[in-house]
Structures are given as C-alpha cells and as structure tokens.
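Trainee: A structural model of the following input is requested.
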Amino acid sequence: MAEAAKKLTIFDLQAKVDRGEKVFQVTAVDFPTAQLVDRAGIDCILIGDSLGMTALGYPSTVPVTMDEMIHHAKAISRAARRALLVGDLPLGAYHASVADAVNSAMRMVKEGGADVVKLEGGEDFAPMAQAVVRAGIPVMAHIGLTPQLMSKLGGFRVQGRDAAAGVQLLADALAMEQAGCFAIVLEAIPDRVAQLITERLRIPTIGIGAGPHCDGQNLVLHDMVGLFDRFAPKFVKKYADCRSLIGKALAEFQDEVRNGRFPLPEHSFTMKEDEYQALLRQLPRT
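Mentor: The predicted structure follows:
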C-alpha cells in the first residue's frame, strides 16, 4: 500500500526558506485543478478570491462572498493531500471588526477545510490578523496590490513606486509580521522594494509580480496554462496553452459526431444476441 503523502505545515515552509530553498504557491479553483497542483509537488495551494474571475465570471474579486469561497474550499480541500491549503478571506469577511475576522477565519477552516487563511492589508489590518492568530489559526498576509481594495488604489496598478510608498510597504510588512503572520504575499511591487522587505523580515515572502528576490513565487493556475484570457498581468508567464488545446478537442468532437466517426463500437455498450432477440419478441407488434 502506498504511503500517504506528508501534509506540509507552516513550519515546513519556514524550514525551506531557512535552507535557502524557494517556496511554490499556485492558486487553484476546484477539485481537478487542485489535484493536479497537489500531485505536482507544489507547497501551497491558494484558494484565492480570484476564483471570482477565473471560475465565476465576475469582473473582479469584489463580488465574491464568504459562502462562495467556502464552497470552492470544500472541493479543493478534498484534493490537497500534501500541499498547505491557504483560504483567502474575501472582501467584507474581516474588514468591519476583529470579531468578523475571527469568525470568518473559523468558517474557512471548519467548513472549508483550509489549513490557514490569508487576508489582504497592511498596518490597518494588523489587529485583525493578530486576533485570528491568537484564536489559533495561522495567517498569511498580503500587501502591495490588494485587489479587494482596487477602487482605493485606482485599479490594478503597481504599488510602492516612490520612496514614501516603499517605506509604507515595509511598515505594512513589519506590522503583519509583528501581528504573528507566518508568511506574506507581495503583489505587484518593484523588485528592489520586495528585496528590501524580504531582507528585513524573518517570515517567508511570496511574490506575485514582485520580482525574483522573494522567498517564493505564486501564480494563478488559469493564467499559467492559458485558461483565462480576459487580461494578462505583466508578471504572468504562460507555460501552456490549454485554451487552444481544449478548443481543438471540442472542434474535433463536433466534426466526428457530424461525420459519424464518433461514437465507434469501442465507445458503445452491447447486449447479448439472445437477450436482444428476447427483447424483440416482447415488443408489441406495430
């Protein structure tokens, strides 16, 4: 009998970084994609609220609800046998109060099956992060471009491009580390700013559009394999073109059905001849 895969923990991530190794994190949206990611040996699967766009067709992450996140988390948790499962808390799940933050985090873990949670924001949200950690749930922070607050940020724009903004990003990162977060996502910030933050933090930094100096990297699977085409951030590298591959398969399916090449005998079920003849004898005469 094959030995069960060892479930990774927040301590395994820290140990990798301490050894000078990189952390791999990929955002998945359902059971089959999460299963592929888990089997590939990725360290962390992020149940990102970007599923609002990649799976639900919303124009942004803003409309995503806690119930929708939990619905997807349940499916993904059934696939994540090895990877650390990171549950994103959507807009409105923790912004109003510390109590909301703790309750939402508890739901993500108890109902959704996540191992840890992620929340966006810097110094202003450190009390929320700290309360969740004190309640016993590890927190991954997320600063820089925080899509939930894109209206405040002026849309999907790189953050920290001037000195004052860079200082604030470092302050945000330090505040989240002080709050007890075990790791922090740095999204869409200049590479040298990300390097300075990484050098000053003890916890792992995971970049998504933050250059090569972070302790790990995150991409959305749908972006990586070409399944999402409404827009493509500069930081995305497409490793495969599954959209074209699926389109080709669908075109071939239609062509074969149209021309009688599918289904063939090997795709069909049969009945024994004597049973078929008995069936015919039992049918009313026409």
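Trainee: following the chain past the worst-scoring helix or strand of the chain on mean pLDDT, name the next helix or strand.
Mentor: Taking mean pLDDT, DSSP states H and E as the measure, the chain has helix 150-153 as its least confident helix or strand, at a mean of 58. Later in the chain than helix 150-153, the nearest helix or strand by DSSP states H and E is helix 163-178.
Trainee: that following helix packs against which elements?
Mentor: Judged by 3 or more CB pairs under 8 Å, 6 or more residues apart in numbering; DSSP states H and E, helix 163-178 is in contact with helix 126-134, strand 139-144, strand 183-187, helix 191-200. Any C-beta I mention is one placed from the backbone N, CA and C, and that applies to glycine too.
Trainee: same thing but 7 Å
Mentor: Helix 163-178 sits against helix 126-134, strand 139-144, helix 191-200, with contacts defined as 3 or more CB pairs under 7 Å, 6 or more residues apart in numbering; DSSP states H and E.
Trainee: which residue ranges make up each domain of the chain?
Mentor: Domain segmentation of the chain under automatic domain parsing yields 10-241, 245-282.
Trainee: for whichever helix or strand Val26 is part of, name the packing helices and strands.
Mentor: If you go by DSSP H and E, Val26 is part of strand 23-27. If you count contacts as 3+ CB pairs under 7 Å, 6+ apart, strand 23-27 packs onto helix 10-18, strand 44-47, strand 216-220.
Trainee: would you mind finding the most buried of these?
Mentor: strand 44-47 (a mean of 29; mean count of other CB atoms under 10 Å).
Trainee: listing partners with orientation, what would you give for it?
Mentor: Strand 44-47 sits in its sheet next to strand 23-27 (parallel), strand 84-88 (parallel), going by DSSP bridges.
Trainee: most packed of those strands?
Mentor: Mean neighbours per residue, mean count of other CB under 10 Å, is largest over the strands paired with strand 44-47 for strand 84-88, with a mean of 27.
Trainee: got the angle between it and strand 216-220?
Mentor: 60 degrees (axes from the mean of the first three to the mean of the last three CA atoms, to 10 degrees).
Trainee: where does the stretch 1-150 of the chain have low pLDDT?
Mentor: Counting by pLDDT under 70, the stretch 1-150 of the chain shows low-confidence ranges at 1-4, 149-150.
Trainee: show me the residues around Val62 that make contact.
Mentor: Leu91, Gln148 (CB atoms under 7 Å, 6 or more residues apart in numbering).
Trainee: that's a strand at it, yeah?
Mentor: No - assessed with DSSP: H, G, I helix; E, B strand; the rest coil, Val62 is coil; it does not lie in a strand.
Trainee: from Gln148, how far out is it?
Mentor: 7 Å (CB to CB, to the nearest Å).
Trainee: mutual contacts of the two, please.
Mentor: Leu91.
Trainee: element containing Ala278?
Mentor: Per DSSP H and E: helix 273-282 holds Ala278.
Trainee: shaky segments in the stretch 151-286 of the chain?
Mentor: Ranges of the stretch 151-286 of the chain meeting pLDDT under 70: 151-156.
Trainee: which elements pack onto the helix holding Ala278?
Mentor: By 3+ CB pairs under 7 Å, 6+ apart, helix 273-282 packs against no helix or strand.
Trainee: show me the contact partners of it.
Mentor: Residues contacting helix 273-282 (CB under 7 Å, 6+ apart): none.
Trainee: does Asp229 lie in a helix or a strand, and which?
Mentor: Judged by DSSP H and E, Asp229 forms part of no helix or strand.
Trainee: surely it and Asp241 touch.
Mentor: No - counting by CB atoms under 7 Å, Asp229 stays clear of Asp241, with 10.1 Å between them.
Trainee: what do the two both touch?
Mentor: With CB under 7 Å, 6+ apart, Asp229 and Asp241 have no common neighbours.
Trainee: assign a three-state SS to Glu21, would you?
Mentor: When classified by three-state DSSP, Glu21 comes out as coil.
Trainee: quick check: it vs Ala15, distance?
Mentor: Distance from Glu21 to Ala15, by CB to CB: 9 Å.
Trainee: which of the strands paired with strand 44-47 sits closest to Phe182?
Mentor: strand 84-88 (9.8 Å; CB to CB).
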